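Student: Give me a 3D structure for the following:
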Amino acid sequence: MPGRKLRDVQAEPDYRQIPIDKVGVKDIRYPIVVLDRKNKFQHTVASINMYVDLPHQFKGTHMSRFVEILNEHRGELTIRNFPQILEKMKVKLAASTAHLEVEFPYFIEKSAPVSKSRGMMEYRCRYLGMLGAERDFMLEVEVPVSTLCPCSKEISERGAHNQRGRVKVGVRFKGFVWLEDIVAAVERSASSPVYSLLKRPDEKYVTERAYDNPMFVEDVVREVAINLGKIKKLRWFRVEAENWESIHNHSAYAFLEKKL
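Tutor: This is a model prediction of the structure:
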């Protein structure tokens, strides 16, 4: 009926005396703007999860308010404004703890090593933030790499087997770091980077570079750790590398974590 006040069921009391750690919305596909070192900003599409805690006395939270907060920021989700968004989630939803997870593809223009042909490389990135009694923010980046097996090179009379791999890095830091610096640290740590566009002279170069720079998956995580250690603003990182072996029916895996 016109003029009738609608019942707010979510705000009604709950008598089971059970608080909920995380409640919210998941897998929101949303256009966002992130910082880009070369072009200042980059437009991309993210998958977003937003959660708050729910005290035991409330039946539910107001799901629409999460989307309203995204709309207020017009999709600008950067390392710099993450704390403000988390604080707004706490205030608007009367919560003591807020969580925000943003996963998106990030593109970097990359030139081939010899021909200098340009192509766009995609890197999967995540912002993971929490604000409660304490605050936490972690940046994750997945970087494709290529490795060549040192053992295969040593024992084979001709050639050596190589494989594609993936390095996943998570970092905590003070101040600000560029995604591009994390990617560069990883790509320097493998037998060879991966490119989106290669001409024949580039293929020759990449193949020979990998052969001259063989690495086990253990070597990769150690080299990544060394190169990340050179980024002065980092205070913690974790590195995991997985090689999809070309001659084995399994993947090779290594992981390390370090506080700086």
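
Student: Check which helices and strands the lowest-mean-pLDDT helix or strand in the chain sits against.
Tutor: Across the helices and strands of the chain, mean confidence by mean pLDDT, DSSP states H and E is lowest for helix 64-72: a mean of 90. Judged by 3 or more CB pairs under 8 Å, 6 or more residues apart in numbering; DSSP states H and E, the packing partners of helix 64-72 are strand 20-36, strand 40-54, helix 82-92. Glycine gets a C-beta too; all of them are placed from N, C-alpha and C.

Student: send the alpha carbons of it over as PDB?
Tutor: C-alpha atoms of helix 64-72 as PDB (Å, rounded to 0.1, in the frame of the first residue of the first chain):
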ATOM      1  CA  SER A  64      22.800  -3.100  -0.600                       C
ATOM      2  CA  ARG A  65      25.100  -0.800   1.400                       C
ATOM      3  CA  PHE A  66      28.200  -2.600   0.200                       C
ATOM      4  CA  VAL A  67      27.300  -1.800  -3.400                       C
ATOM      5  CA  GLU A  68      26.500   1.800  -2.400                       C
ATOM      6  CA  ILE A  69      30.000   2.200  -1.000                       C
ATOM      7  CA  LEU A  70      31.500   1.000  -4.300                       C
ATOM      8  CA  ASN A  71      29.300   3.400  -6.200                       C
ATOM      9  CA  GLU A  72      30.400   6.300  -4.000                       C
END
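
Student: And that helix, what's buried?
Tutor: For helix 64-72, the buried set under the neighbour-count rule, 16 or more other CB atoms under 10 Å, comprises Arg65, Phe66, Ile69, Leu70.

Student: Run a quick neighbour tally on the closest residue to Ser115 other than its chain neighbours.
Tutor: Distance criterion CB to CB, 6 or more residues apart in numbering; nearest residue to Ser115, sequence neighbours excluded, is Lys199 at 4.2 Å. Neighbour count of Lys199, defined by other CB atoms under 10 Å: 13.
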